[in-house]
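# Here's a sequence, model it:
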Amino acid sequence: NRIPIFCPAITDGSIGDMLFFHSYKRPGLVVDLVQDIRAINSMAVDARRTGMLICGGGLVKHHICNANLMRNGADYAVFVNTGQEFDGSDS
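Numbering: from 1, shown residues only. All right, here's what the predicted structure looks like:
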């Protein structure tokens, strides 16, 4: 169905470590994080309307919100999380 999949945090955690170790055994693998950012931002900017359904928070939420920021915000948004306002967790 040509549904794009983005993973802007692929280098975060264990997968990032494995990519690092793999690069010594078999140099040449390139993971282009900038291409993912360009693609998701372009999709948001080019869209007639956008909506965000965010379950949880963290890095993925930030990338989705930032992509929509490039088009002056999303038309619709639903955020479901357990973050608290007082400590900034719900930012």
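
# make it CA atoms for all contacts and neighbour counts henceforth
Will do.

# which residues of the protein fall in helices?
14-25, 33-46, 59-69 (DSSP state H).

# low-confidence ranges in the protein?
Along the chain, the model assigns pLDDT under 70 to residues 89-91.

# What distance do you get for Pro8 to Leu33?
For Pro8, the distance to Leu33 equals 6 Å [C-alpha to C-alpha, to the nearest Å].

# make that Ile40, sorry
11 Å.

# who has more neighbours, these two?
Ile40 (19 against 15; other C-alpha atoms under 10 Å).

# and Ala77, how many neighbours does it have?
12.

# That one touches Arg49, doesn't it?
No - the pair Ala77 / Arg49 is not scored as a contact, 11.5 Å apart, by C-alpha atoms under 8 Å.

# Quick one: residues contacting Val30.
Listed by C-alpha atoms under 8 Å, 6 or more residues apart in numbering, Val30 has no contact partners.

# Also Ala77?
Shown in contact with Ala77 (C-alpha under 8 Å, 6+ apart): Gly51, Met52, Leu53, Ile54.

# Repeat the analysis, applying 10 Å as the threshold.
Thr50, Gly51, Met52, Leu53, Ile54, Cys65 (C-alpha atoms under 10 Å, 6 or more residues apart in numbering).

# how about the nearest residue to it, chain neighbours excluded?
Once flanking residues are discounted, Ala77 sits nearest to Met52: 4.6 Å by C-alpha to C-alpha, 6 or more residues apart in numbering.

# Tell me how many other residues crowd that neighbour.
Look at Met52: counted by other C-alpha under 10 Å, it has 16 neighbours.

# re earlier: want to throw the helices of the chain into a markdown table with distance to Asn1?
Listed next are the helices of the chain as a markdown table, based on distance: least, C-alpha to C-alpha, whole Å:
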| stretch | distance to Asn1 |
| --- | --- |
| helix 14-25 | 27 |
| helix 33-46 | 16 |
| helix 59-69 | 21 |
